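> Coordinates for the following, if possible.
(chains A and B)
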Protein chains: 2
Amino acid sequence: VVDALSWLEDADEGFGTTVLPYGSWTRGDDDRPRVGVAVGSRVLDVARAAWQLLPSRAPLLDGGTLDPLLAGGPAAWREVRDAVASWFADESAREVVEPLLVPADEVLLHLPFTVADYVDFYSSEHHATNVGRIFRPDGEPLSRNWKHLPIGYHGRAGTVVVSGSEVPRPWGQQRLADGRVVVGPSTRLDVEAEVGFVVGVPSSRGSRVPVAAFAEHVFGVCLVNDWSARDLQAFETVPLGPFLAKSFATSVSPWVVPLAALEHARTAPPERDPAPQDYLDDSAEPSGLDLQLEVRLNGHVISRPPFRTMYWTAPQQLAHLTVNGASVRTGDLFASGTVSGARPDERGCLLELSWNGSEPLRLPDGTTRTFLEDGDEVVISATAPGPDGAVLPLGDVRGRVARSA
Amino acid sequence: VVDALSWLEDADEGFGTTVLPYGSWTRGDDDRPRVGVAVGSRVLDVARAAWQLLPSRAPLLDGGTLDPLLAGGPAAWREVRDAVASWFADESAREVVEPLLVPADEVLLHLPFTVADYVDFYSSEHHATNVGRIFRPDGEPLSRNWKHLPIGYHGRAGTVVVSGSEVPRPWGQQRLADGRVVVGPSTRLDVEAEVGFVVGVPSSRGSRVPVAAFAEHVFGVCLVNDWSARDLQAFETVPLGPFLAKSFATSVSPWVVPLAALEHARTAPPERDPAPQDYLDDSAEPSGLDLQLEVRLNGHVISRPPFRTMYWTAPQQLAHLTVNGASVRTGDLFASGTVSGARPDERGCLLELSWNGSEPLRLPDGTTRTFLEDGDEVVISATAPGPDGAVLPLGDVRGRVARSA
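Presented below is the predicted three-dimensional model:
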């Protein structure tokens, strides 16, 4: 993404000057987190810049996390983003801004916001169908509610961690093929490549958030790896759903990309049959996002899941989440569910990629994988279409499996 | 509970001077919440008292919620409780304490702590068996994992509300008997009488909390009504568990009772077969609690669930919750699941009491109920054995169903 209009010398590196994602960082001995905006290969200390160039909004940026900005609402989001963008196009802001840029490789990135409730959906038809075929080879692959509503469940907010955090292999109970139930480290540890949506503006209990009000509540997106222990999951999941199989860690990318950066990525979702219920009708405008994900295992690309194929979209997920009158809060995170496309090399988890371990992946380094081994590193990244044919980077979420304690 | 040793005139009313539960309250125009201890028919402004009588611990009580006290840990919990108890036995403290007592009927009670993650278990064998019989009359009533681990799932922390909060009837999708899927207000709204455990001291991610460390982490208990929409639940629950059927509201009692008040309630849990896995072995000391619950509908007692019958105990639930390396945080709430005893009049939800609507309850006022109607009020209360044969009140959680918006 080259921005010829910017004074920034490295405007063609990293996030460029078009994405302008927000994160939380520290550097060196100063352990007070600051809000940053990633530009080129650097991070802007945006609160300090705002105190000089946009003092009315500076308090929203000065809390160390995105929480105050998230709660600020769409008008504030727009005003801050427009101002920051203008600083990099405007030579007169350079004197203030340039000294507040820190090399990105010198900062430590933190969880960018306080996660309130974490919900995980299950909205890829290809993923849900593959999982159904693997676990119920003789039955209908999709449960009969699947095309009526976006299936979802609550996850553990307290174990959402920032990219780079170690993921100790979880323990738990599993039933062996011979029927014995044993306790030990999971031997079927998996990833799930997902896109997460970050709620800014709360809703009140007893009210519903319509599809059309999505952008009044949701601030932006991050990438999510919803680590999953398939052996624990298989044993525990009936009757109340996944619990310990998911709750040990969920990694998120450190840079939250505002919805405003994804205007060119908006796309029509796939055809739905049956037609969604009225409260899920998202036909008024394109509610899908044409994001292209990529999953790397120890540096090797193992999948390229296309987010545009998701059956249920984020505005539908938020409308569903609140149709019963449940409220959302600043910092709520809801994730898409594993993103899988129609092709085998577009599948977003190892369960599908290795077809439950029966078809090991051969990696270019000569090794094979069914599920994750200790020391394995997984990186999920994504891009989106930008203005004038540009391809915008959306960052990545990474994590390495550690031996369990 | 008469305490003849106390100078408090109404020591035989309300919570007496033995339970000493903590809550958060405001009065009149002063909208800054304060931490209170309920004694007799009054509420002590405990932070103000502590600034004079226990200044070293006063900061833990001065935040408006229990959060700082919860994080303070067992030594602080003991020290504060012992001090407060001594104030009511000691005439010399009376001069400070008595002016800081406010009539309980003049205060407004708030959510006593910030709910971090909310987990709901399913640990009554009678309840799980009844539910199995109702929904799978031809199958085994208990899923085959049930006696191996405490089944649980994450609920929505953001919709945990304090007793007295209105509960608007939830909307959602349900499948009618003729197969049509419709959207509308739930017609099978239910209660679940439960006991909740409040975590004080966090654990670290990647570590496990053994059964024996329960009291180092858990501060106390509250009563929980986990409102449930059975029609929404039936349609959505396969394959990932309950979601909107539970997420619209969970009510908790305003007074958190410290574990220290329940020493006389400790009891051996029922026999387990098979023997629990090592990490769930709770045989070293009595891990159950002999609490007696009572459920009232519009003032009429409809059930008296005995908590001592729970198959899985709270120390086991915490050990299970963390066996995979998941961390707990200050303010985590985990609930027991519906408490049901062996007898029909000991069942903790209307699904069981009305056998899924097929056996309507006849109330003394001449009306009948299968599930809840608009305007219905449900009150769940409990008592526990105290010292010298006393019966300690543990408060109540109440809520009224409102018509959906």
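> Enumerate every residue touching the residue of chain A found nearest chain B.
Chain A approaches chain B most closely through residue A:241 (2.3 Å), counting by C-beta to the nearest C-beta. The C-beta positions use only the backbone N, C-alpha and C, and glycine is treated the same way. By C-beta atoms under 8 Å, 6 or more residues apart in numbering or on different chains, residue A:241 lies in contact with A:153, B:153, B:237, B:239-242.
> And it, how close does it get to residue A:233?
9 Å (C-beta to C-beta, to the nearest Å).
> any idea where the helices of the stretch 51-200 of chain A begin and end?
With helices called from DSSP state H, counting those that start in this stretch, the stretch 51-200 of chain A shows them at A:58-61, A:67-72, A:74-89, A:94-97, A:125-135.
> elements contacting the first one?
Here helix A:58-61 touches helix A:46-53, helix A:67-72, helix A:74-89, going by 3 or more C-beta pairs under 8 Å, 6 or more residues apart in numbering or on different chains; DSSP states H and E.
> Return the residues of the stretch 301-405 of chain A in contact with chain B.
Contact residues (C-beta under 8 Å from any C-beta of the partner chain) of the stretch 301-405 of chain A with chain B: A:320-321, A:323-329, A:332, A:402, A:404-405.
> Any chance of JSON lines for the residues you listed, columns neighbour count and secondary structure?
Below are those laid out as JSON lines (neighbours: other C-beta atoms under 10 Å in any protein chain shown; DSSP: H, G, I helix; E, B strand; the rest coil):
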{"residue": "A:320", "neighbour count": "31", "secondary structure": "helix"}
{"residue": "A:321", "neighbour count": "26", "secondary structure": "helix"}
{"residue": "A:323", "neighbour count": "23", "secondary structure": "helix"}
{"residue": "A:324", "neighbour count": "27", "secondary structure": "coil"}
{"residue": "A:325", "neighbour count": "26", "secondary structure": "coil"}
{"residue": "A:326", "neighbour count": "26", "secondary structure": "coil"}
{"residue": "A:327", "neighbour count": "22", "secondary structure": "coil"}
{"residue": "A:328", "neighbour count": "26", "secondary structure": "coil"}
{"residue": "A:329", "neighbour count": "19", "secondary structure": "coil"}
{"residue": "A:332", "neighbour count": "27", "secondary structure": "coil"}
{"residue": "A:402", "neighbour count": "15", "secondary structure": "strand"}
{"residue": "A:404", "neighbour count": "18", "secondary structure": "coil"}
{"residue": "A:405", "neighbour count": "12", "secondary structure": "coil"}
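> Out of these, which one has the lowest pLDDT?
Minimum pLDDT for these is recorded at residue A:405 (68).
> With residue B:318 as the reference, measure out to the nearest residue to residue A:113 once chain neighbours are set aside.
Spatially, and ignoring its direct neighbours in sequence, residue A:113 is nearest to residue A:66 (4.4 Å; C-beta to C-beta, 6 or more residues apart in numbering or on different chains). Counting by C-beta to C-beta, the gap from residue A:66 to residue B:318 is 32 Å.
> where does stretch A:360-371 sit relative to the chain's centre, distance-wise?
Mean-position distance between stretch A:360-371 and its chain equals 26 Å (C-alpha atoms, centre = their mean, to the nearest Å).
> Report the buried residues of it.
Residues A:369-371 are the ones in stretch A:360-371 that count as buried (16 or more other C-beta atoms under 10 Å in any protein chain shown).
> who's in contact with the closest residue to residue A:269 other than its chain neighbours?
Once flanking residues are discounted, residue A:269 sits nearest to residue A:288: 4.1 Å by C-beta to C-beta, 6+ apart. Residue A:288 makes contact with A:266-270, A:307-308, A:310, A:313 under the criterion C-beta under 8 Å, 6+ apart.
> Next, give me the two most distant ones among those residues.
The distance between the two most remote of the contacts of residue A:288 (C-beta to C-beta) is 14.6 Å, for A:266 and A:270.
> The two: which has the busier surroundings?
For the pair residue A:266 and residue A:270, the greater number of neighbours falls to residue A:266 (17 against 13), based on other C-beta atoms under 10 Å in any protein chain shown.
> Spit out the contact partners of that one.
Residues near residue A:266 by C-beta under 8 Å, 6+ apart: A:285-290.
> what do you get if the cut-off is 10 Å, keeping everything else the same?
With contact taken as C-beta atoms under 10 Å, 6 or more residues apart in numbering or on different chains, residue A:266 is in contact with A:259, A:285-290, A:308, A:313, A:384-385.
> Derive a PyMOL selection command for the buried subset of those residues.
Buried residues within the contacts of residue A:266, by 16+ other C-beta under 10 Å, are selected in PyMOL with:
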select buried, chain A and resi 259+287+288+289+290+308+313+384+385
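> could you dump the contacts of residue A:266 to TSV with secondary structure and pLDDT?
Listed next are the contacts of residue A:266 as TSV, based on DSSP: H, G, I helix; E, B strand; the rest coil; pLDDT from 0 to 100:
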residue	secondary structure	pLDDT
A:259	helix	98
A:285	coil	95
A:286	coil	97
A:287	coil	97
A:288	strand	98
A:289	strand	98
A:290	coil	98
A:308	helix	98
A:313	coil	98
A:384	strand	98
A:385	strand	98
